[in-house]
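Student: test case, fold it:
(2 chains)
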Amino acid sequence: MGIHSVGTSDAALVRRVQAGDTGAYADLVARYRDRLGRYALHMLGNREDAEEVLQDSFVRAYRSLARCDDPERFGAWLYGILVNRCRTAGARAARRARRFVHDPVALETAPLAGPDGRAEWDDMVRWALARLPAESREAFLLKHVEELEYEDMALLTGAGISALKMRVKRAREQLQAMLKEAERV
Amino acid sequence: MFDQVEDAVERLTRHLRRAVRIDPALDDRVMRAITALPAPGRATWLGEMWRWLRSPHQLTVTPLGGLAAAAAVAVVVVLIRMDSKPPAPHYEESRAFQFVLVAPRATRVSLVGDFNDWDAGRTPMRRTGTEALWTAVVPLVPGRYHYAFFVDGSRWLADPSAPVARDEDYGAPSSVLTVGGGGS
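Tutor: Residues are numbered from 1 along each chain as shown, chains lettered A, B, ... in the order given. I've put the predicted structure just below:
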């Protein structure tokens, strides 16, 4: 899968936008909306923040389109902008959470408190992802969900390949531990 | 629940890989937002040169070439020192203009125009004590400017108290301000 462009028309669309055809940008937005939205949704944990970050990323990409060195790899370039915006939004959300949530026990057990006393699978996944450190969650999602190569991940995140491998490994271990723990509840 | 813990992570991964559908209305919001922005254009030759200067390059210089380059630098330095009288600077005098918009229900407003490249991030307007008035002060040199207000990240308003012009670039209404060289 990777972060390669979809055919050759990404570059053609980018060049049309650069030449002043703003409408062509709508095709790029529609093409990448759902795919990038998935990453933002899993990274941030809620749809409202994810859509806000996604919109912001598309607008920022448009403003910087003159600096897109390789229009053939517009998708990878756009992905880099999204990853950065998710980091910023995630840090902001973490600060917000620290201000309003003061009960770590309630925080940890909240997703498991369904009517039947067990979380739905969807809630459990969200709960487990949210408990991962942001760096580990980012690395895990890019590797195992977006299925990127470590070389691409290094370009997107600015982290070294060995550091990324370590983050993915730790994320898997932590997820295993959390799922095992949830199974016992 | 899980036969093996590893299976749980694999199952979680499969779950996360499912397609996610984002509201297509997002496309309209993006397109509305970029309508207020200048066209991105292509990279300029100056930008390309700056990028080239910032990226590493391997240069091979012979001893003779190195000496010639050093001599050329020395000549330039001497010429600059000989011509030490600076040219008289020519500045067009700018004056401060206050822009005001009445928008009691707005949560954020930016002033965009020719003077800030229609960049909504460069001139945010400040809400005054009455909560209804938004103001921004911009220094302008004599000239003719198109401008507008960008409200809540999506709405584009012409100044109701100024002549309206249809902007040729974006198709959205904007206002015109003419700053004269003399008194007004």
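Student: how about low-confidence regions in chain B?
Tutor: Low-confidence segments of chain B (pLDDT under 70): B:1-6, B:41-61, B:66, B:69-70, B:72-93, B:129-131, B:164-172, B:181-184.
Student: can you map out the strands along it?
Tutor: Remark: strands assigned in chain B by DSSP state E are B:95-102, B:109-113, B:126-127, B:133-140, B:143-151, B:155-157, B:164-166, B:173-179.
Student: and the closest residue to A:Tyr150 other than its chain neighbours, how far from A:Leu155?
Tutor: Leaving aside its chain neighbours, A:Tyr150 sits nearest to A:Ile161 (4.7 Å; criterion: Cβ to Cβ, 6 or more residues apart in numbering or on different chains). For every residue, glycine as well, the C-beta is placed using N, CA and C. From A:Ile161 across to A:Leu155, the span is 10 Å (Cβ to Cβ, to the nearest Å).
Student: more crowded one of those two?
Tutor: More crowded of A:Ile161 and A:Leu155, by other Cβ atoms under 10 Å in any protein chain shown: A:Leu155, with 17 against 12.
Student: where does the more buried one land on pLDDT?
Tutor: Listed pLDDT for A:Leu155 reads 89.
Student: now the host helix or strand of it - C-alpha only, CSV.
Tutor: Following DSSP states H and E, one finds A:Leu155 within helix A:150-157. Extracted C-alpha coordinates of helix A:150-157, given in CSV (Å, rounded to 0.1, in the frame of the first residue of the first chain):
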residue,chain,number,x,y,z
TYR,A,150,10.1,2.2,7.8
GLU,A,151,11.9,4.4,5.3
ASP,A,152,8.7,6.3,4.5
MET,A,153,7.9,6.5,8.2
ALA,A,154,11.3,8.0,8.9
LEU,A,155,10.7,10.7,6.3
LEU,A,156,7.3,11.5,7.7
THR,A,157,8.1,11.6,11.3
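Student: just the buried residues of that helix, please?
Tutor: Judged by neighbour count using 16 or more other Cβ atoms under 10 Å in any protein chain shown, the buried positions of helix A:150-157 are A:Tyr150, A:Asp152, A:Met153, A:Ala154, A:Leu155, A:Leu156, A:Thr157.
Student: okay but the first one is in contact with A:Leu164, surely?
Tutor: Same thing as A:Tyr150. Yes: assessed by Cβ atoms under 8 Å, A:Tyr150 is found in contact with A:Leu164 at 5.7 Å.
Student: joint contacts of these two?
Tutor: A:Lys143 (Cβ atoms under 8 Å, 6 or more residues apart in numbering or on different chains).
Student: out of the strands of chain B, deepest packed?
Tutor: strand B:109-113 (a mean of 23; mean count of other Cβ atoms under 10 Å in any protein chain shown).
Student: cool, thanks, talk later.
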